[in-house]
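Asks: A predicted structure for the sequence below; I have some questions about it.
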Amino acid sequence: MATSLYKSQSKSTDNIIRQSFKAFLELTKARLAISVVFSSLAGYLIALDTYDISVIILLVLGGYCMVGASNSFNQIIEKDLDALMDRTKNRPIPSGRTSVSSAFILSVLLTLIGTVALYKINAKTALFGAISIFIYTCMYTPLKTKTPLSVFVGAFPGAIPFMLGWVAATNNFGIEAGTLFAIQFFWQFPHFWALGWMLHDDYKKAGINMLPTKKKDKATALQTILYTIWMIMISLLPLSGLTGDLHLSIFSAFLIGLVGLAMLYYSINLYNQMSTNAAKKLFKSSIFCLTLVQIIYVIDNIYIWI
């Protein structure tokens, strides 16, 4: 009898732990947070020819915590809106699996841990991390239901991770970090407009409209093409030698050009087809594009110092 009771209690405890961990992953949007951490690591590896494992650990920990805090705060603020949309109605807060107070405590703890971890790297890294949380939570999130310009505002915290790695490595924000920031800044417009196109009807239920013209029209599709072109141009800028210590070989520039053209193809495809399926392909290609560009930059830097 006692053994049976013990097993039952143990099973119940395991279930609580699993559910809590699942809620943590959902509140912090683990896949998104990991991709952001990857961007930060890429920026760090681009900046140096020798690496400090302790800094890398702090950057990963601090980066995940800061992004996780932003996402958790976002879900607290948008809990009522999330309940209206099919895509988000099963998130921990609107589904009732997690209370607002629990999510708030988690958000605060993640903010504190993230800030301390990044500060141990250097003060500038912690400052940019804090700015990212502030803009995302206090500016971007409230603006989402008011104006499509929220995408522009949200592009600032979204562009910080790539350059954050450079700042973590060098303790300096100059033309190099600015270039990395600009690459991810311009990348976000076609990425999020494609998402806004895909989920236009679902977003409408919550009064959110991310598209620049508020419509799935040719003008919106054309802007995705223009911003993709600007992203490609900035990605190739280090080839000119005008970006300080941020360099790019001719071969790597060629590869980045090919990757950029692939994303441009899907942007043009959206303009031609004007369909949800075309937007989905652009969205997916944008993720692969940014990841490949960052990997090429890292490999190029490793090749140079080897």
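Replies: It's in.
Asks: ok, residue 301 touching residue 43?
Replies: No: Residue 301 is beyond contact range of residue 43, at 10.6 Å (criterion: CB atoms under 8 Å). In this view, the C-beta of every residue, glycine as well, is placed from N, C-alpha and C.
Asks: Quick check on these two: which one has the bigger neighbour count.
Replies: residue 43 (29 against 21; other CB atoms under 10 Å).
Asks: dump the residue contacts of the more buried one.
Replies: Applying CB atoms under 8 Å, 6 or more residues apart in numbering, we find residue 43 in contact with 161-169, 177, 180.
Asks: Compute the distance between it and residue 248, please.
Replies: Distance, residue 43 to residue 248, by CB to CB, to the nearest Å: 14 Å.
Asks: go on, residue 239?
Replies: Remark: distance between residue 239 and residue 248 (CB to CB) = 5 Å.
Asks: Those two - which one has more neighbours?
Replies: Neighbour count, other CB under 10 Å: between residue 239 and residue 248, residue 248 has more, with 24 against 17.
Asks: re the thing from before, just the contacts of residue 43 now: which is nearest residue 270?
Replies: The closest of the contacts of residue 43 to residue 270 turns out to be residue 162 (CB to CB; 24.5 Å).
Asks: Follow the chain on from the strand or helix carrying residue 257 and name the next helix or strand.
Replies: Using DSSP states H and E, residue 257 sits within helix 250-273. Where DSSP H and E defines the elements, the next helix or strand beyond helix 250-273 is helix 276-305.
Asks: which other helices and strands contact that following helix?
Replies: helix 30-47, helix 175-198, helix 250-273 (3 or more CB pairs under 8 Å, 6 or more residues apart in numbering; DSSP states H and E).
Asks: And the next helix or strand past the second one?
Replies: To tie it back to what came earlier, the one meant is helix 175-198. According to DSSP H and E, the helix or strand after helix 175-198 is helix 200-205.
Asks: From the contact counts, what lies against that next one?
Replies: Helix 200-205 is packed against no helix or strand, with contacts defined by 3+ CB pairs under 8 Å, 6+ apart.
Asks: For it, buried residues please.
Replies: Neighbour counts over helix 200-205 (16 or more other CB atoms under 10 Å) mark 200, 203 as buried.
Asks: Give me the residues contacting it.
Replies: 84-87, 196, 209-211, 216.
Asks: now the contacts of residue 43 in JSON lines, with distance to residue 49, pLDDT and secondary structure?
Replies: Below are these laid out as JSON lines (distance: CB to CB, whole Å; pLDDT from 0 to 100; DSSP: H, G, I helix; E, B strand; the rest coil):
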{"residue": "161", "distance to residue 49": "21", "pLDDT": "94", "secondary structure": "helix"}
{"residue": "162", "distance to residue 49": "19", "pLDDT": "94", "secondary structure": "helix"}
{"residue": "163", "distance to residue 49": "19", "pLDDT": "95", "secondary structure": "helix"}
{"residue": "164", "distance to residue 49": "19", "pLDDT": "95", "secondary structure": "helix"}
{"residue": "165", "distance to residue 49": "14", "pLDDT": "95", "secondary structure": "helix"}
{"residue": "166", "distance to residue 49": "14", "pLDDT": "96", "secondary structure": "helix"}
{"residue": "167", "distance to residue 49": "17", "pLDDT": "96", "secondary structure": "helix"}
{"residue": "168", "distance to residue 49": "15", "pLDDT": "96", "secondary structure": "helix"}
{"residue": "169", "distance to residue 49": "10", "pLDDT": "94", "secondary structure": "helix"}
{"residue": "177", "distance to residue 49": "17", "pLDDT": "95", "secondary structure": "helix"}
{"residue": "180", "distance to residue 49": "17", "pLDDT": "97", "secondary structure": "helix"}
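Asks: This completes my enquiry, with thanks.
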